[in-house]
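>>> predicted model and sequence below, questions to follow.
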Amino acid sequence: MMAFAKNDTAQDVLAWAFEEFGERIALSSAFGPSGIVLMHLAAHVRPQTKVFFIDTGFHFAETTAMVGRIQARINVQIQVLQPKLNIEEQNHRYGNDLYILQPDTCCAIRKVEPTSRMLSGLDAWVTALRRDQGPTRAHLPMVEKKTMDGRTVTKVNPMIHWTKAEVWRHILENDLPYNPLHDRGYPSVGCAPCTRPATDPNDERSGRWTGHQKTECGLHTFL
């Protein structure tokens, strides 16, 4: 596995990843602040970098509007994926309150399944995860090797050492678009029914799945 020096930047890691995996690598993003920075950095290393966005059908309007705002400002190629079941079909099969009664199942249908489909055609996946985002991410490695359907998928996390302050400094200094919900007390934005303003100022994800013992949707734990 590639070893990186302490002074290697996120762009150094991206340059290695793009060289290593060619066209069989892509970013995924739900357009959080770190994801905006990652796309901006990636576009300078490889213009028209492929980015996948999972439209769960439950996103805030402010989030879905980010697709056009980003493409107008950052030179990336965004592909929007949808789950196999639309919301009407899911409600018919599981009831209207699946995200309340069984949030893990809802996330599996609306996020994990389309991500698995995306990864089936890739050898590597780039994320904007950071170690300071919360306890579940505190020990993230820069590069992970995961087994999926009998094959190896490499997960690259170039921004693990970035801090929240550094992310926002980059956004503001480069006049990058960001989700306006961040100005309304939502440091981390997921699906509308499962996202509230943060309850812990030291944990960006403390507003996610309030009332449940759940801190991850499953995208970064299913492999």
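Looks like it came in fine.

>>> not counting sequence-adjacent ones, nearest residue to the residue most central in space within the chain?
The centre of the chain sits closest to Ser29, judged by CA atoms, centre = their mean, with a distance of 3.7 Å. Nearest residue to Ser29 in three dimensions, chain neighbours excluded: Gly35, at 3.6 Å (CB to CB, 6 or more residues apart in numbering). Backbone N, C-alpha and C define where each C-beta goes, glycine included.

>>> that neighbour against Leu129, yeah?
No: using CB atoms under 8 Å, Gly35 makes no contact with Leu129, being 9.7 Å away.

>>> between those two, which one's more packed in?
For Gly35 versus Leu129, neighbours defined as other CB atoms under 10 Å are more numerous around Gly35 (24 against 21).

>>> for the closest residue to Leu140 other than its chain neighbours, grab phi and psi.
Spatially, and ignoring its direct neighbours in sequence, Leu140 is nearest to Ile160 (4.9 Å; CB to CB, 6+ apart). Dihedral pair for Ile160: phi -60, psi -30, per degrees, to the nearest 10.

>>> looking at this protein, which residue lies furthest from center?
His92 (28.3 Å).

>>> for the helix or strand where Trp168 lies, what is the average pLDDT?
Element membership for Trp168, per DSSP states H and E: helix 164-173. Across helix 164-173, pLDDT averages out at 97.

>>> show me what that helix is packed up against.
When contacts are defined as 3 or more CB pairs under 8 Å, 6 or more residues apart in numbering; DSSP states H and E, helix 164-173 packs onto helix 33-45.

>>> hang on, the earlier thing: OK, contacts around the residue nearest to Leu140?
The contact partners of Ile160, by CB atoms under 8 Å, 6 or more residues apart in numbering, come to 129-131, 140-142.

>>> so where's the chain shaky on pLDDT?
Flagging of the chain using pLDDT under 70 yields the residue ranges 1-3, 5-6, 199-223.
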